[in-house]
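Engineer: sequence? don't have it. structure:
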């Protein structure tokens with residue numbers, strides 16, 4: 001994965017399609033971006049692309065494979081592969097509904113009675129990890145009139161698949177292999193991979209040894225094509241540490257967004273400092289994504305009182321954000337996230353927003369910036385009230401004309417300047433590629449660790465009052481330091497390298 005700032009965007013959120021997005025990025029953002037995570041562009045029946053009917057086609061509303069490949073020729077491309085589910089209207093599932101046990105795809109799916117022939121005992125039901133206030137299965141009717149409950153972790157449109165059956169193993173080899181072979185794709189994000197492991201007597205989440213087997217197979221496929229894998233796990237931060245220890249994949253630092261908000265709200269950067277000193281280095285960093293701001297990721301990094309304080313402040317600062325937008329009333333599936341743009345979460349304070357982005361860009365890892373965050377977008381209350389989908393508060397669609405206008409705002413100009421600095425200064429290892437060490441996943445269970453990686457390390461210090469955090473990055477004779485004052489929302493960068501000395505206030 002190329003070390004530089006990457007954009008996260010839907011194919012129709014900066015312009016109407018992939019071609020317009022590509023033109024906008026190339027014309028206005030070429031010095032600011034190394035890559036783009038293009039959110040699902042496949043034909044899909046729900047969840048803004050995350051219920052794909054196939055991985056072999058591009059939704060014609062967005063363009064064609066040629067458009068995808070052309071975008072990937074100028075910016076390294078990250079795409080999604082939904083490890084846990086596919087659409088109920090996919091050819092695979094429809095064939096099963098039509099033919100039942102005679103379908104060649106029958107073992108690709110997970111009827112509840114396949115796992116629990118005599119029904120689910122209460123004690124086992126209580127073990128199962130879910131992120132929504134309903135059972136993780138749905139009833140489906142076959143052509144012969146038979147009704148069965150089938151595993152369905154998220155929306156009813158997203159039917160879970162069994163990637164451990166013989167049929168599922170072949171399906172994974174074929175579909176993931178086909179996607180890896182596409183020209184221009186550098187990284188594949190394994191969406192919801194933690195939910196793909198289902199075994200009686202467990203939480204049905206990130207279970208060993210199944211997860212090791214699954215990651216081994218995926219990496220074996222991707223490495224044949226020179227593609228990096230990025231497993232998506234939203235849970236306790238220790239899961240990321242375990243993934244970092246096995247190497248061969250990138251991981252997310254999903255703890256950073258809440259820790260930064262806590263530091264900005266409280267003026268106390270101690271928990272943030274402590275995390276920066278222990279976090280793995282082979283990370284992708286985000287402050288905002290197409291989902292909400294995750295809470296579960298910071299358990300034990302923040303106390304329960306600090307978490308409650310941060311959530312309450314988020315709603316107070318969050319520019320008219322309503323607690324209901326993160327509930328089932330507004331279609332929220334994940335009870336451990338808050339729906340809000342990051343700019344609005346910081347009270348739409350330009351200085352606070354720049355402090356947060358500066359710190360994100362300075363820590364080791366590859367930073368991603370969500371398209372709404374790129375334009376310092378506020379909460380879209382009108383859209384969320386219209387759709388009654390809480391996550392739409394952070395999914396405003398920009399026409400090219402509107403995006404051009406937003407680029408002229410002072411806060412956006414400051415952000416682009418900072419992105420250009422992050423993409424050009426040698427202490428960050430810009431231009432190189434980085435991934436976890438080549439560790440044999442078959443060696444055994446996952447253990448926490450700091451995988452070898454291509455990122456240059458940092459020194460972190462904190463003043464006695466806990467509100468001024470300093471990060472120093474160095475490489476050879478080059479050095480860059482960032483000093484952040486969380487009580488004043490000020491950030492200063494001092495750098496000296498091959499191009500000379502450059503100091504500026506963020």
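Structural biologist: The structure has been received and is ready for your questions. Bear in mind the structure is a predicted one, so any value in this text is a computation, not a measurement.
Engineer: show me the domain layout of this structure.
Structural biologist: Split into domains by automatic domain parsing, the chain comes to 91-159, 458-505.
Engineer: which of the helices and strands in the protein ranks last by mean pLDDT?
Structural biologist: In the chain, no helix or strand scores lower on mean pLDDT, DSSP states H and E than strand 337-338, which sits at a mean of 86.
Engineer: contacts only, for the residue of the chain most remote from its centre.
Structural biologist: Computed with C-alpha atoms, centre = their mean, the residue of the chain farthest from its C-alpha average is residue 144, at 40.6 Å. Residue 144 makes contact with residue 100, according to C-beta atoms under 8 Å, 6 or more residues apart in numbering. For every residue, glycine as well, the C-beta is placed using N, CA and C.
Engineer: for the one 10 residues further on, same thing?
Structural biologist: The contact partners of residue 154, by C-beta under 8 Å, 6+ apart, come to 47, 84-85, 132, 192, 333.
Engineer: now do the SS call for it.
Structural biologist: coil (DSSP: H, G, I helix; E, B strand; the rest coil).
Engineer: so how far is residue 398 from it?
Structural biologist: Using C-beta to C-beta, to the nearest Å, we find residue 154 at a distance of 27 Å from residue 398.
Engineer: again with residue 192
Structural biologist: Separation of residue 192 from residue 398 (C-beta to C-beta) stands at 27 Å.
Engineer: pass me the low-pLDDT residue ranges in this protein, would you?
Structural biologist: Filtered on pLDDT under 70, the chain yields the residue ranges 319-335, 432-456.
Engineer: starting at the chain centroid, how far to the least confident helix or strand of the chain?
Structural biologist: Offset of strand 337-338 from its chain centre (C-alpha atoms, centre = their mean, to the nearest Å): 14 Å.
Engineer: then residue 61 would be within a helix, right?
Structural biologist: No: secondary structure of residue 61 (three-state DSSP): coil, not part of a helix.
Engineer: pretty sure residue 287 sits against residue 355.
Structural biologist: No: counting by C-beta atoms under 8 Å, residue 287 does not reach residue 355; the two are 11.3 Å apart.
Engineer: ok so, going back, please identify the helix or strand for the residue farthest from the centre of the chain.
Structural biologist: Under the criterion DSSP states H and E, no helix or strand holds residue 144.
Engineer: want to throw the domains of the chain into a markdown table with distance to residue 28?
Structural biologist: What follows is those, written out as a markdown table (distance: least, C-beta to C-beta, whole Å):
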| stretch | distance to residue 28 |
| --- | --- |
| domain 91-159 | 35 |
| domain 458-505 | 22 |
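Engineer: so which of the ones you listed is nearest residue 39?
Structural biologist: Proximity to residue 39, assessed across the domains of the chain by C-beta to C-beta, is greatest for domain 91-159 (15.3 Å).
Engineer: for the closest one, measure first residue to last.
Structural biologist: 12 Å (C-alpha to C-alpha, to the nearest Å).
Engineer: which strands and helices sit next to the helix or strand where residue 357 lies?
Structural biologist: Using DSSP H and E, residue 357 falls within helix 350-362. Judged by 3 or more C-beta pairs under 8 Å, 6 or more residues apart in numbering; DSSP states H and E, helix 350-362 is in contact with helix 256-266, helix 342-345, strand 366-370, helix 410-424, strand 468-475, strand 478-485, strand 490-497.
Engineer: any idea which of those is most buried?
Structural biologist: Ranked by mean neighbour count, these are led by helix 342-345 with a mean of 27 (mean count of other C-beta atoms under 10 Å).
Engineer: output the contacting helices and strands for that helix.
Structural biologist: Going by 3+ C-beta pairs under 8 Å, 6+ apart, helix 342-345 lies up against helix 304-317, helix 350-362, helix 371-374.
Engineer: for these, state which one has the densest average packing.
Structural biologist: The highest mean neighbour count among the helices and strands packed on helix 342-345, using mean count of other C-beta under 10 Å, belongs to helix 371-374: a mean of 26.
Engineer: what's that one in contact with?
Structural biologist: Outside helix 371-374, the residues that touch it by C-beta under 8 Å, 6+ apart are 7-10, 13-14, 287-288, 341-343, 394-396, 398, 412, 415.
Engineer: try stretch 465-475
Structural biologist: The contact list for stretch 465-475 (C-beta under 8 Å, 6+ apart) reads 263, 267-270, 272-273, 276, 359, 362-363, 426-429, 456-462, 479-487.
Engineer: please enumerate residues in contact with stretch 97-111?
Structural biologist: 92-93, 95-96, 140-144, 146, 148-151, 159-162, 165-168, 171, 198.
Engineer: out of these, which sit inside strands?
Structural biologist: 140-141, 148-151, 159-160 (DSSP state E).
Engineer: what's the most distant pair in these?
Structural biologist: 141 and 160 (17.6 Å).
Engineer: look at these two and report which has more neighbours.
Structural biologist: Using other C-beta atoms under 10 Å as the criterion, residue 141 and residue 160 rank with residue 160 on top: 25 against 10.
Engineer: could you find the closest non-adjacent residue to that one?
Structural biologist: Nearest non-adjacent residue to residue 160, counting by C-beta to C-beta, 6 or more residues apart in numbering: residue 151, 4.1 Å away.
Engineer: could you pull up the residues touching that neighbour?
Structural biologist: Per C-beta under 8 Å, 6+ apart, neighbours of residue 151: 109-112, 115, 136-137, 159-160, 198.
Engineer: just among those, which is most surrounded?
Structural biologist: For these, counting by other C-beta under 10 Å, the largest number of neighbours falls to residue 159: 28 neighbours.
Engineer: hey, what's it bridged with?
Structural biologist: Counting by DSSP bridges, residue 159 is bridged to residue 86.
Engineer: surely it touches residue 82?
Structural biologist: No: judged on C-beta under 8 Å, residue 159 makes no contact with residue 82 at a distance of 10.7 Å.
Engineer: quick check: residue 229 touching residue 249?
Structural biologist: Yes: counting by C-beta under 8 Å, residue 229 touches residue 249, with 4.7 Å between them.
Engineer: which residues are in contact with each of these two?
Structural biologist: What both residue 229 and residue 249 touch, as defined by C-beta under 8 Å, 6+ apart, is the set 215, 219.
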